[in-house]
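1. Here's a sequence, model it:
(chains A, B, C and D)
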Number of protein chains: 2
Amino acid sequence: MKKGHQVTMKEIAKKLGVSVSTVSRALKDSPELHEETKRKIVETAKEMNYQPNLLAQSLRISRTKTLGVIVPEITSHFFASCISGIQDFANKRGYNVMICQSNESIDQEIANIKTLVASQVDALMISLSRETNHYEHLFELYNREIPFVLFDRVHEDIPVSKVTFNDAGGAYQVTNHLLETGCRSIVYVSGPEDLYISKKRKEGYLKALREYGIEENPDFIKVTDLTEADNIRIAKEIAAMNPLPDGVFCMIDPLAVDVLTYWKSVGIKVPEQIALAGFTNNPTSGVVEPPLTTVSQPGYEMGKLAVSHLLDQLDGLVSDDPISIVLDTTLVPRKSSQRSI
Amino acid sequence: MKKGHQVTMKEIAKKLGVSVSTVSRALKDSPELHEETKRKIVETAKEMNYQPNLLAQSLRISRTKTLGVIVPEITSHFFASCISGIQDFANKRGYNVMICQSNESIDQEIANIKTLVASQVDALMISLSRETNHYEHLFELYNREIPFVLFDRVHEDIPVSKVTFNDAGGAYQVTNHLLETGCRSIVYVSGPEDLYISKKRKEGYLKALREYGIEENPDFIKVTDLTEADNIRIAKEIAAMNPLPDGVFCMIDPLAVDVLTYWKSVGIKVPEQIALAGFTNNPTSGVVEPPLTTVSQPGYEMGKLAVSHLLDQLDGLVSDDPISIVLDTTLVPRKSSQRSI
DNA sequence: GGTGACCTGATGTCCTTTTTTCATGCGTAC
DNA sequence: GTACGCATGAAAAAAGGACATCAGGTCACC
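-> Residues are numbered from 1 along each chain as shown, chains lettered A, B, ... in the order given. Presented below is the predicted three-dimensional model:
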């Protein structure tokens, strides 16, 4: 399949018998050109459907006006929202966006970075994969002075700007909510422990317990790799606990939904026997039965803030010094935690 | 913020005191170069962390190895799946992907096309916005010989390859299923009537009715603009019908979920009073109460097929003649249509 | 000495944009 | 009337990076 030919300045110049530079000046509306010549050139350009070759332009000014975005997976509603926010606000400022997904693999993440850098993106926005437990590729990026920001799944030691949710705060909110509804033995189901959000949410969970004078119980902290099979394993494990805990806080909604679905299939009643809560407020969470108590994380907002800050830095509107933007979450209490005390 | 400097062939050449072409040949592992020189150059390149500038390369060969994708919205699980499939298989063949969303607006769609074309993407993959009811921008693309394919939301008159689901077939399956479970007065809730999928699914609905000897009843065809408010308006309208219909087929899952949610709030029982079915098999549909009967559309597969065919055309592996790829759907019967006859 | 093999350098191309240089014309001053 | 200077418009050149092609140079062997 051959690609349609693109009209270049050269052709316009040839057609009108002027030099390429004259054409350039005319299109740039330079004052040092005869009005008549200018008019004629602009007209011809339009006639020939001339579109400047952004590639050549970018090569010259060595800016592509393109951002690279790496997310663990696009099909996650949360990341899709982030991308949506990034898109909208990048476009508003004249930037395009190239999106890659790491599929939760660090190798893929590294490969993505390489590709995007080779494509000369002006900057990167990265949310780390689940697997990412070493950070050389990010430090290299930093050393090569390629601007980037981290969002949601960040690593704190890297001296770049980060946009995160107040994950500890959200987990505190939700644990506290469970405590207030009367729960006293609350299980925390964590994702992979290397994950930034796993750690932070655990912090919030423990803090809430401490404030209620409840001692940390290692048996009450479960870890899943977030695959459906492993989530169900945990659901079984909890169902087999004797006595049953009276509350379960799952690190993330899909995990909570898997657990809930399994429990329903074996007749465990939520919230009567166990109160359940998740995190993120996925669209699914509002429609399961019972609707899931969770914490809302506006992904669109996060994308918007992250990209806006990054572009501010690129355009020199704000200092290059790394900052940390922390977004607040909101508790969304629903039926899954509604216990009659 | 200044961008880190990229090592070029020039610098390698300068450092080693050879010419740029020698460096080029060494990196291309050309046989017409002294082994020792080659080794040294490759080594130095690696040392200096040389990365070829894809921009310059693209300018030269006038291929960017980048595809442009336009979807109505990224946050839709279905389109996210398509993108995921496109990504994975484009990457496999050495292509990058630039994604834009039209936000269901034709103006945005036109703007996206313009941006992507200016960025010199090698080809486009487009799923039309809800609003798109004229097609000049697509014909222009065609006339400019810029390769593109349409997927899911297509327009039949454009002579390019299209990848769709057997929408009529899926709607037939689901309507037929409702008929088999005993429904006789079945309402079809359609999206905007310009939409390709609205039309096709209506076709299937009518065909199934015809085969059961049931006459088409215009009162049984409702149209929503797919906003939540309008969906609820339809839900109310159906709830007010006297007698109630015994089955409702909603053109798309989120619509069905909106309807279901409203009905639950006013005490209409599904499936006892009305059997309900959707289309697409969103993740949400499996977890609502009752779980929603629907038709599964593998978006990942669609993305994969669409991008593979497009790249086959680009690479000259298959003819440029437009073809139509139609994917089959699978009925997913769930409780929402389970009536005791 | 001539021819071929082998290696390497220079040049041009892709396209746009910016800078420099050149040419023309007009006006003023000698 | 001629010469010089200045203003203006337009062409030429360069830069940006990769790479193909052509041309040149060196060595060895016949």
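
2. Return the per-residue confidence for A:Gly4.
-> On the pLDDT scale, A:Gly4 is placed at 57.

3. Which helix or strand contains A:Gly204?
-> helix A:196-211 (DSSP states H and E).

4. what pairs with the following helix or strand past that helix, and is each one parallel or antiparallel?
-> Per DSSP H and E, the first helix or strand lying C-terminal to helix A:196-211 is strand A:221-223. Take DSSP bridges as the rule and strand A:221-223 pairs in its sheet with strand A:186-190 (parallel).

5. what's the angle from the strand it pairs with to helix A:196-211?
-> For strand A:186-190 against helix A:196-211, the angle by axes from the mean of the first three to the mean of the last three C-alpha atoms, to 10 degrees is 170 degrees.

6. in the stretch 101-250 of chain A, which spans are helices?
-> Using DSSP state H, counting those that start in this stretch, the helices of the stretch 101-250 of chain A run over residues A:106-118, A:136-143, A:167-180, A:196-211, A:228-239.

7. Quickly compare those helices and say which is most buried.
-> Highest mean neighbour count among these (mean count of other C-beta atoms under 10 Å in any protein chain shown): helix A:167-180, with a mean of 22. Just so you know, the C-beta spots here come from the backbone N, C-alpha and C atoms, and that holds for glycine as well.

8. ok, which residues in the stretch 1-150 of chain A are in contact with DNA strand D?
-> Residues of the stretch 1-150 of chain A found near DNA strand D (C-beta under 7 Å from any atom of the strand) are A:17-22, A:32-34, A:37, A:56, A:59-60, A:62.

9. Which ones among those lie within helices?
-> A:Val20, A:Ser21, A:Thr22, A:Thr37, A:Ala56, A:Leu59, A:Arg60 (DSSP state H).

10. What subset of these is buried?
-> Buried subset of these (neighbour count, 16 or more other C-beta atoms under 10 Å in any protein chain shown): A:Thr22, A:Ala56, A:Leu59.

11. Would you mind giving the domain segments of chain A?
-> A:9-52, A:65-165+A:299-328, A:167-297+A:331-337 (automatic domain parsing).

12. Could you dump those domains into TSV with mean pLDDT added?
-> TSV is the format used below for the domains of chain A (pLDDT from 0 to 100):
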stretch	mean pLDDT
domain A:9-52	82
domain A:65-165+A:299-328	94
domain A:167-297+A:331-337	94
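
13. Let me know which of those domains is the nearest to B:Leu124.
-> With C-beta to C-beta as the measure, domain A:65-165+A:299-328 is the member of those nearest B:Leu124 (13.7 Å).

14. how long is that closest one end to end?
-> Chord length of domain A:65-165+A:299-328, first to last residue, is 31 Å (C-alpha to C-alpha, to the nearest Å).

15. May I have the beta-bridge partners of A:Lys222?
-> Residues in a beta bridge with A:Lys222, per DSSP bridges, are A:Val189.

16. In the stretch 201-341 of chain A, which residue sits nearest chain B?
-> Across the stretch 201-341 of chain A, no residue is closer to chain B than A:Glu289, which sits at 3.1 Å (C-beta to the nearest C-beta).

17. Count the residues that sit near the nearest residue to that residue once chain neighbours are set aside.
-> Distances taken as C-beta to C-beta, 6 or more residues apart in numbering or on different chains place B:Glu289 nearest to A:Glu289, at 3.1 Å, with adjacent residues excluded. Residues near B:Glu289, counting by other C-beta atoms under 10 Å in any protein chain shown, number 16.

18. quick one, what contacts B:Glu289?
-> A:Val287, A:Val288, A:Glu289 (C-beta atoms under 8 Å, 6 or more residues apart in numbering or on different chains).

19. How much space separates the second one from DNA strand C?
-> Distance, A:Val288 to DNA strand C, using C-beta to the nearest atom of the strand, to the nearest Å: 53 Å.

20. Tell me if I'm right that that residue and B:Pro290 touch.
-> No. Counting by C-beta atoms under 8 Å, A:Val288 sits too far from B:Pro290 to count as a contact (11.7 Å).

21. Those two - which one has more neighbours?
-> A:Val288 (26 against 18).

22. in the sheet, who's paired with that one?
-> B:Val288.

23. would you list the ones in helices among the residues of the stretch 1-150 of chain A next to DNA strand D in a markdown table and tack on distance to chain B?
-> Below are these laid out as a markdown table (distance: C-beta to the nearest C-beta, whole Å):
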| residue | distance to chain B |
| --- | --- |
| A:Val20 | 16 |
| A:Ser21 | 19 |
| A:Thr22 | 23 |
| A:Thr37 | 25 |
| A:Ala56 | 6 |
| A:Leu59 | 5 |
| A:Arg60 | 10 |
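
24. If you tally nearby residues, what's the number for the residue in the stretch 201-341 of chain A positioned nearest to DNA strand C?
-> For the stretch 201-341 of chain A, the residue positioned closest to DNA strand C under C-beta to the nearest atom of the strand is A:Asp315, at a distance of 17.0 Å. Using other C-beta under 10 Å, A:Asp315 has 10 other residues around it.

25. how about it, what does it touch?
-> A:Arg93.

26. Need phi/psi at it.
-> Backbone torsions for A:Asp315, taken as degrees, to the nearest 10, come to phi -80, psi 0.

27. Check the one 4 residues further on too.
-> As for A:Ser319, its main-chain torsions (degrees, to the nearest 10) stand at phi -60, psi 150.

28. repeat for A:Pro52
-> Torsion angles, degrees, to the nearest 10, at A:Pro52: phi -60, psi 140.

29. I figured it was touching B:Ala118, is that so?
-> Yes. Between A:Pro52 and B:Ala118 a contact is recorded at 7.3 Å, counting by C-beta under 8 Å.

30. got the domains of chain A as CSV, with distance to B:Asp107 columns?
-> CSV is the format used below for the domains of chain A (distance: least, C-beta to C-beta, whole Å):
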stretch, distance to B:Asp107
domain A:9-52, 19
domain A:65-165+A:299-328, 13
domain A:167-297+A:331-337, 27
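
31. Quick one: closest of these to B:Glu47.
-> Here domain A:65-165+A:299-328 is closest among the domains of chain A (C-beta to C-beta), at 14.1 Å.

32. Can you list the buried residues in stretch A:12-27?
-> Across stretch A:12-27, burial judged by 16+ other C-beta under 10 Å covers A:Ile12, A:Ala13, A:Leu16, A:Val18, A:Thr22, A:Val23, A:Ser24, A:Arg25, A:Ala26, A:Leu27.

33. So what touches it?
-> By C-beta under 8 Å, 6+ apart, stretch A:12-27 touches A:9-10, A:32-33, A:37-38, A:40-42, A:44-45, A:48, A:50, A:52.

34. how much space is there between the closest residue to chain B within the stretch 101-250 of chain A and DNA strand D?
-> Going by C-beta to the nearest C-beta, chain B is nearest to A:Glu145 of the stretch 101-250 of chain A, at 2.9 Å. From A:Glu145 over to DNA strand D the distance is 14 Å, taken as C-beta to the nearest atom of the strand.

35. And for A:Gln338?
-> Distance of A:Gln338 to DNA strand D, given as C-beta to the nearest atom of the strand: 62 Å.

36. just A:Phe151 next, same as before
-> 30 Å.

37. This completes my enquiry, with thanks.
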